[in-house]
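*Asks:* sequence and computational prediction follow.
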Amino acid sequence: TFWQWPVAASAVAASWPVTPSSHIACMTHCIFQGRIATDIVKLLQDGRRVLLLERDFTQPDRIVGELLQPGGYLMLKELGLQDCTEGIDSTKVFGYAIYKNGKYAAVTYPIKGYSDDVAGRSFHHGRFVQQLRQRAAAQPTVTCREATVKRLINDAGGEWEEGQPVSGVQYKAADGTVREARAHLTVCCDGMYSTFRKQLAKPDIHHPSFFVGLLLRDVQLPYANYGHVILAEPSPVLFYPISSSEVRCLVDVPGEKLPQQLPAYLKAKVAPQLPSELQQAFLTAVDNEPIRSMQNKQMSCQPMHQPGALLLGDAFNMRHPLTGGGMTVALSDTRLLCDMLHPLPSFEDSIDTARSTAEFYTKRKPVSATINTLANALYKVFCVTGSKAHEEMRQACFDYLGKGGACASGPVSLLSGLNPSPSLLVMHFFSVALFGIGRLLQPRPTFRGVYMCVALLVVASRIILPIIWAEGLRAVFVPKLAPRPLSSIKKVESLRNISSSGSGGLASTVSVGAVGAGLTRMRAA
């Protein structure tokens, strides 16, 4: 499954096939706030019954989630959902053009050898979401319901507590009534503002900046079908097409607060740093289009892996959206999780299911750690700090990519999700630093040059090493040696054994027998 952010409930569009709220039988799967529920289709190949709870089925209108990298498109193909990018005026994206001080460095996705349809895709986020929803709702064993999930529940119908398996959710239906939904497996995808994150994981959240979004109409980008990254001061500005006639602009504004006079800031501070061919369209958008904003988040997460529940999407893991890697990570997680769930004949025993999926958190690391680390590291490199050593690193990165060949194809293969490799990422990152050091020592070493070399190497290390440490050193480079999150499973299992012993072997509220029996009932208010 996939995520987006929950929004206030409103009336469901008449054309949307929402199932009435009464008398739903026990489900194999309950997915809530799953805006892009991509795993439903594959789960249904096993005949799994799925209840999809969404706060609002009307088409969302967002300024992010609009760029799908080629690696993400390949994941979409593997899930059989590639046609969801068709019929929505989406645009193929073939790479990036990076602009700094009047010069461009263009890098192209290494898609040679793939089928002709493989490229990045950019689109209106809401149109893509609706396509995926329609695919999910068209499946005969999916029940779609507009509702707001209030809490996780245990088998007795009470509020779930640590040490118990999750047996479903309590939710508020569109008619205002409070109901229960029972399921052997509950998948929580309630987005970046997740209500249930702290119950299912231990997050470490940072707020580095805001994105200020504008829509530019009828403008031609300098490099057609390329995303554009403007290395402005103090932080980057992005341009990319989202339809045949519209271009999205995202201005990154560092800090905890936005400027009070935002239009004036955009005109005076940002516009003069843009390429001349985009300045007038940008100023026109500032004057005539809504100026929208969202706070960016970076979050690494230590999973607790509670039996009976899984956490996915932005609820579980976030990186800076500079590189547009979020959907690629989520689709990769979806495919991996589906592959792990597919062989299981039943999810009835929550402990067995949890043990079977415990390796999910380490197996996802090659893809997620590569994209997360690259996004967060590039953002730090591209921001202006006032340090001369940092500016040398920033310029070295621009010139390194501008060299072309392996210097461009290697990093962009990582960014695109086509070649997820943390070790290759670290190699290229320090290659950029060494490239900058080599320039500082020409034409001959000087005391100042040697000092700047050391400072540049320190800057590079301070950027990349904390990010890798947050992702988990063993999980990133040696996933097989990384510990699996089994503590919650062992706790549930221990309490189950104690309860079974205390009742003379009879099933208790946390036993397999009671779980199976309880899940044959559907409580309807």
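*Replies:* On my side now, so go ahead. Numbers count the residues shown, from 1 in each chain.
*Asks:* make it CA atoms for all contacts and neighbour counts henceforth
*Replies:* Fine.
*Asks:* all strands of the stretch 101-250 of the chain, in order?
*Replies:* 103-108, 120-122, 142-153, 168-173, 178-188, 201-206, 209-217, 227-230, 237-241, 246-254 (DSSP state E, counting those that start in this stretch).
*Asks:* and of those strands, who's closest to Lys92?
*Replies:* Set against Lys92 and scored by C-alpha to C-alpha, those come closest in strand 120-122, at 4.7 Å.
*Asks:* can you tell me which helices and strands the closest one packs against?
*Replies:* Judged by 3 or more C-alpha pairs under 8 Å, 6 or more residues apart in numbering; DSSP states H and E, the packing partners of strand 120-122 are strand 67-68, helix 70-78, strand 91-93.
*Asks:* mind putting the ones you listed into JSON lines with mean neighbour count, distance to Leu378 and mean pLDDT?
*Replies:* What follows is those, written out as JSON lines (neighbours: other C-alpha atoms under 10 Å; distance: least, C-alpha to C-alpha, whole Å; pLDDT from 0 to 100):
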{"stretch": "strand 67-68", "mean neighbour count": "28", "distance to Leu378": "17", "mean pLDDT": "96"}
{"stretch": "helix 70-78", "mean neighbour count": "23", "distance to Leu378": "19", "mean pLDDT": "93"}
{"stretch": "strand 91-93", "mean neighbour count": "23", "distance to Leu378": "20", "mean pLDDT": "97"}
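*Asks:* out of the ones you listed, flag the one nearest Gln164.
*Replies:* Closest among the helices and strands packed on strand 120-122, using C-alpha to C-alpha: helix 70-78, at 34.0 Å.
*Asks:* what's in contact with the closest one?
*Replies:* Residues outside helix 70-78 that contact it (C-alpha atoms under 8 Å, 6 or more residues apart in numbering): 82, 109, 118-121, 327-329, 331-332, 335, 416-418.
*Asks:* how about stretch 475-485?
*Replies:* Stretch 475-485 has contacts (C-alpha under 8 Å, 6+ apart) with 303-305, 358-359, 361-363, 365-366, 369, 422-423, 468, 474.
*Asks:* show me these that map onto strands.
*Replies:* Judged by DSSP state E, those include Pro303 as members of strands.
*Asks:* among the contacts of stretch 475-485, name the buried ones.
*Replies:* Burial by neighbour count, 16 or more other C-alpha atoms under 10 Å: within the contacts of stretch 475-485 this picks out 303-305, 358-359, 361-363, 365-366, 369, 422, 468, 474.
*Asks:* in the protein, where is pLDDT below threshold?
*Replies:* Within the chain, the segments meeting pLDDT under 70 span 1-47, 499-525.
*Asks:* quick one: contacts for the residue nearest to Asn419 when sequence neighbours are not counted?
*Replies:* Ranked by C-alpha to C-alpha, 6 or more residues apart in numbering and with sequence neighbours excluded, the top spatial neighbour of Asn419 is Ser413, at 5.4 Å. Applying C-alpha under 8 Å, 6+ apart to Ser413 gives the contacts 109-110, 419-420.
*Asks:* pretty sure Leu425 is in contact with Leu374, am I right?
*Replies:* Yes: with contacts counted by C-alpha atoms under 8 Å, Leu425 reaches Leu374, the gap being 7.3 Å.
*Asks:* what residues are shared contacts of the two?
*Replies:* Joint contacts of Leu425 and Leu374 (C-alpha under 8 Å, 6+ apart) are Leu414.
*Asks:* ok, the two, which is more surrounded?
*Replies:* Ranked by neighbour count (other C-alpha atoms under 10 Å), Leu425 and Leu374 place Leu374 first, with 27 against 23.
*Asks:* the more buried one: what secondary structure?
*Replies:* Following DSSP: H, G, I helix; E, B strand; the rest coil, the label given to Leu374 is helix.
*Asks:* doesn't Val412 make contact with it?
*Replies:* No: using C-alpha under 8 Å, Leu374 is not in contact with Val412, being 10.1 Å away.
*Asks:* what's near enough to touch the spatially most central residue of the chain?
*Replies:* Against the mean C-alpha coordinate of the chain, by C-alpha atoms, centre = their mean, the closest residue is Gly326 at 3.0 Å. By C-alpha under 8 Å, 6+ apart, the contact set of Gly326 is 65, 314, 318-319.
*Asks:* cutoff 10 Å now
*Replies:* Applying C-alpha atoms under 10 Å, 6 or more residues apart in numbering to Gly326 gives the contacts 3, 64-65, 67-69, 72, 313-314, 317-320, 332, 368, 371-372, 375.
*Asks:* please, where are all the helices along the stretch 401-525 of the chain?
*Replies:* For the stretch 401-525 of the chain, the helices defined by DSSP state H, counting those that start in this stretch cover 406-415, 422-440, 447-471, 473-477, 487-502, 512-518.
*Asks:* next, the angle from the longest one to helix 422-440.
*Replies:* Here the directions of helix 447-471 and helix 422-440 differ by 170 degrees (axes from the mean of the first three to the mean of the last three C-alpha atoms, to 10 degrees).
*Asks:* noted, bye for now.
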